[in-house]
Structures are given as C-alpha cells and as structure tokens.
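K.L.:
pasting the structure only:
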C-alpha cells in the first residue's frame with residue numbers, strides 16, 4: 001500500500017520529518033561524513049516506498065556505497081533487485097559528452113519522478129555529489145540549483161546535494177546556502193542546521209499567520225459552544241415549559257370530558273404535544289447537555305455513554321474514573337464534551353465496534369480521556385491523507401484545537417486492531 005503522507009521521514013535525526021519538495025545541502029570533508037548522513041537518508045526512503053537515486057563521485061564509488069548500504073539496510077539486495085534504487089556515476093547523470101546541460105538534467109529528474117509514480121512509488125528521494133564541479137561549471141550549476149529550489153515544492157521529490165567543503169570558497173558557500181532551503185554542516189564532530197534568509201522569513205511569517213488562525217479558530221469554536229448553550233437554555237425556558245404545561249392542562253381537560261369525539265381530538269393533541277416535548281428535549285441535549293452544567297463533566301460523560309451509546313445502539317460500554325478531582329474551565333469543559341460526543345458518534349457510525357470503553361484520569365494537572373473500541377480500526381496516516389483531499393479533518397482538526405488550548409490528542413489504530421484515542425487537556429489552575 002502506498003502511503004501519500006504530507007511529510008516524510010528524512011532518516012536524519014536533525015531533520016526529522018520534512019514535506020515533499022524539500023531541497024537541502026550538506027558540506028562534507030570525508031567519505032565517512034557522506035556515509036553518516038546519506039545511508040540513513042536513503043534507508044528511510046527505501047523503507048517508505050520511495051524510489052531512490054544516488055548520484056556519486058569521488059571520494060565514494062559504487063562498490064563502497066553498496067557495501068555501506070548492505071551493512072545498515074535490511075534486505076538491501078532485494079531493493080536493488082527490484083530496482084527501487086539506482087547508484088549512478090556523476091559523469092553518466094550530469095554530463096553528456098563532458099558538458100553540463102541544465103535543461104537536460106532537470107528533464108531527467110522529472111522523467112524519473114513520473115516513472116516512479118507510475119510504478120506505484122510514493123515519490124523520489126535523490127542525492128547528488130558535486131565534488132566534480134570546476135570553476136567553469138560552477139555558475140551554470142548554481143543556476144540549476146536555483147531552478148530546483150524555485151520549483152521543487154510542486155513535486156513529490158526530496159533532494160539532498162553534497163558539497164566538498166575544501167573546494168568551496170566563501171562566496172560559493174553563500175551561493176549554496178541561498179539555493180537550498182536548509183544546510184547541514186559538521187562542527188566539532190556534530191551536525192548542525194542552517195537556513196537561508198528567505199526560508200527564515202517565510203517560516204516566521206507562516207508561524208505568525210498560523211498562530212492567528214489557531215487563535216481565531218479556537219475563539220470561533222468557543223463562541224459557537226456558548227451560543228449553543230444559550231439557545232438550548234432559551235429553548236428549555238421559553239418553549240419546553242409551555243409545551244409541558246399545555247399537555248398537563250389538556251390531560252386534565254380530557255379526563256373531565258366524556259364526549260367521545262372531543263376526547264379523541266384531545267387525545268391526539270396530547271400525543272402531538274408529547275412528541276413535541278420529546279423532540280424539544282432531544283434538541284436541547286444535542287445543542288448543549290444540561291447534565292454537563294448541573295452535575296459536571298464526569299456525570300455527563302457517563303450518562304451520555306449509557307443513554308446514547310448503550311441503550312440506543314446496543315453497544316456494550318464501560319466507564320471508568322480514577323476518582324480524582326477534575327476541575328475544568330467552562331470553555332475547556334464545553335469543548336471536551338463536544339469532542340467526546342463527536343468521537344463516540346463516529347465510532348458508532350464507522351467502527352463496527354461491539355464494545356466501547358471511556359476512561360477519565362487526572363495526570364500531572366491535566367485531564368486524560370481515553371476512548372477505546374474493538375472495531376475494525378484504520379491506518380491513521382492513510383486516513384489523514386484522505387481527509388486532506390476531501391477538506392475534512394475530523395479528529396485531526398480536534399488535535400489542532402487542543403494544541404491551541406495547551407492539550408494534545410493521540411491516535412493509535414491499525415486495520416483489524418480497533419482504535420484508541422487519548423485526549424489530554426489542562427485542568428483549571430487554583
């Protein structure tokens with residue numbers, strides 16, 4: 001199965017996960033530097049269903065690369081046998097009759113990407129060593145790197161370019177850094193990360209914009225919950241009470257009148273009012289649970305689990321609380337209850353579960369809500385990709401809201417293995 005993830009494991013601890021379209025460089029001094037970075041980089045690509053191309057030159061030859069990969073990558077021979085990875089000499093990839101042609105090389109990368117996607121790979125992971133460059137070729141190659149940096153974001157491609165530090169003067173190092181989003185440099189035996197100025201500015205703008213969006217989204221959600229509670233209260237105070245009072249009076253009138261026809265009409269009216277009251281009560285609960293405000297979060301969860309899940313849908317439920325105090329701010333209490341109801345409703349609709357368990361715990365000044373089911377389960381990465389394409393994010397959207405409030409959400413699931421969702425949020429401080 002091909003996983004179309006938003007971000008990819010780079011295989012390098014310093015980088016973690018990066019999105020498709022990442023273009024980075026590294027400055028090395030020895031062949032050991034290259035092996036230290038590139039072997040785990042390509043190992044991650046092979047294990048994540050990516051097509052890999054290593055374009056090499058001195059100080060590493062093909063035989064040394066294969067030996068290093070075999071030492072670290074399980075079943076490396078099988079990857080090579082099915083041609084998931086190519087190790088190519090720089091003279092065969094970058095040069096044609098000894099000449100570097102930027103247009104031809106760019107087209108080669110696109111052709112390789114299209115072929116890889118056609119063959120079912122998630123994308124391509126590439127690396128090119130530039131130690132072969134001379135002063136005459138440098139400017140043309142720098143333009144080529146700039147072109148890649150400007151366009152790579154639109155492709156399912158990860159690119160790492162290696163530069164031999166001892167061959168680069170100061171101006172050339174500046175060129176390299178500016179033509180890549182990130183750079184790896186080894187200082188005092190440890191790799192460190194550099195960013196070009198434009199990436200830094202873009203990241204700062206993106207973070208500020210993201211913070212604004214999260215704040216607005218969170219406030220919008222809280223406003224919505226407050227309005228739902230207001231409407232539910234108005235519905236109860238101004239409509240439901242009149243309906244109940246009318247039904248009581250009609251019941252009294254029906255009992256005092258003996259006429260058959262009049263009695264039937266009154267009986268029908270009472271039935272209609274009974275249904276209206278029932279619907280109004282259901283609507284009040286759907287809008288904002290009165291139990292949540294009267295008896296608190298724990299009782300509201302237990303009652304909703306029993307009434308809505310077990311009695312209505314016949315699914316066995318189990319509720320467990322550690323008995324510790326769980327004071328919550330009103331806004332967080334509202335959101336948590338809504339998140340939990342949505343989660344349980346989706347579980348009923350999609351999980352095909354026979355049993356659902358909800359556990360409440362207090363852990364380090366936080367409330368921890370754990371929802372487990374024995375249903376069909378799902379692949380979280382694949383589900384996120386599907387939701388991304390449809391524009392709906394469900395639980396993954398909840399995770400963003402929780403993070404803004406100082407909490408977090410974890411999803412553990414796999415096909416055929418049920419699902420466990422853990423919601424964590426801060427408790428009310430004294």
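P.N.:
In hand now; what should we look at? Since the structure is predicted, the reported quantities are computational estimates derived from the model, not experimental observations. Numbering: from 1, shown residues only.

K.L.:
For residue 370, give me phi and psi.
P.N.:
phi -120, psi 120 (degrees, to the nearest 10).

K.L.:
you'd agree it is up against residue 363?
P.N.:
No. Residue 370 lies out of contact with residue 363 (Cβ atoms under 8 Å); the separation is 10.5 Å. The way it works is simple: take the backbone N, C-alpha and C, and place the C-beta from them, glycine included.

K.L.:
Looking at the two, which one has more neighbours?
P.N.:
More crowded of residue 370 and residue 363, by other Cβ atoms under 10 Å: residue 370, with 16 against 11.

K.L.:
Over to the closest residue in space to the more buried one that isn't next to it in sequence: give its phi and psi.
P.N.:
Leaving out its chain neighbours, the residue that sits closest to residue 370 by Cβ to Cβ, 6 or more residues apart in numbering is residue 359, at 4.3 Å. Main-chain dihedrals, residue 359, degrees, to the nearest 10: phi -120, psi 130.

K.L.:
remind me which residues of the protein are low pLDDT?
P.N.:
1-6, 195-243, 245, 254, 257-265, 278-295, 384-398, 400, 430 (pLDDT under 70).

K.L.:
give me that answer again for 80
P.N.:
Applying pLDDT under 80 to the chain picks out residues 1-6, 194-296, 330-331, 380-406, 429-430.

K.L.:
got the domain boundaries for it?
P.N.:
Domain assignment for the chain, taken from automatic domain parsing, gives 7-194, 204-287, 291-426.

K.L.:
gap between the two ends of the longest one?
P.N.:
By that I understand domain 7-194. Taking Cα to Cα, to the nearest Å, domain 7-194 runs 20 Å from one end to the other.

K.L.:
Off-centre distance for that domain?
P.N.:
27 Å (Cα atoms, centre = their mean, to the nearest Å).

K.L.:
which residues does the residue nearest to residue 370 contact?
P.N.:
Residue 359 makes contacts with 319-321, 368-370, 372, as judged by Cβ atoms under 8 Å, 6 or more residues apart in numbering.

K.L.:
Looking at these, which are in strands?
P.N.:
319-321, 368-370, 372 (DSSP state E).

K.L.:
For PyMOL, what selects the buried ones among these?
P.N.:
In PyMOL, this line selects whichever of the ones in strands among the contacts of residue 359 come out buried by 16 or more other Cβ atoms under 10 Å:
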select buried, resi 319+368+369+370+372
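
K.L.:
Could you export the ones in strands among the contacts of residue 359 as TSV, including distance to residue 116?
P.N.:
Output for these, formatted as TSV (distance: Cβ to Cβ, whole Å):
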residue	distance to residue 116
319	50
320	49
321	52
368	43
369	42
370	41
372	39
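
K.L.:
can you pull the contacts of residue 362?
P.N.:
Taking Cβ under 8 Å, 6+ apart, one finds 322, 324-326, 368, 427 in contact with residue 362.

K.L.:
now with 10 Å?
P.N.:
321-327, 368, 427 (Cβ atoms under 10 Å, 6 or more residues apart in numbering).

K.L.:
just residue 33 next, same as before
P.N.:
26-27, 59, 162, 164-165, 184, 186, 191.

K.L.:
now, which of those residues sits nearest residue 78?
P.N.:
residue 162 (26.3 Å; Cβ to Cβ).

K.L.:
hang on, the earlier thing: quick one: which of the contacts of residue 362 is the most crowded by neighbours?
P.N.:
residue 326 (22 neighbours).

K.L.:
Please, which helix or strand holds that residue?
P.N.:
Assigned by DSSP states H and E, residue 326 belongs to no helix or strand.

K.L.:
how about the closest residue to residue 167 other than its chain neighbours, secondary structure?
P.N.:
Closest residue to residue 167 apart from its sequence neighbours, by Cβ to Cβ, 6+ apart: residue 131 at 6.6 Å. Classification of residue 131 using DSSP: H, G, I helix; E, B strand; the rest coil returns coil.

K.L.:
show me the residues around residue 131 that make contact.
P.N.:
Residue 131 neighbours (Cβ under 10 Å, 6+ apart): 28, 34, 56-60, 90, 162-164, 166-167.

K.L.:
ok, it to residue 29 distance?
P.N.:
11 Å (Cβ to Cβ, to the nearest Å).

K.L.:
Between the two, which contacts overlap?
P.N.:
59, 164, 166.

K.L.:
Tell me, how many residues neighbour the last one?
P.N.:
Residue 166 is flanked by 9 other residues according to other Cβ under 10 Å.
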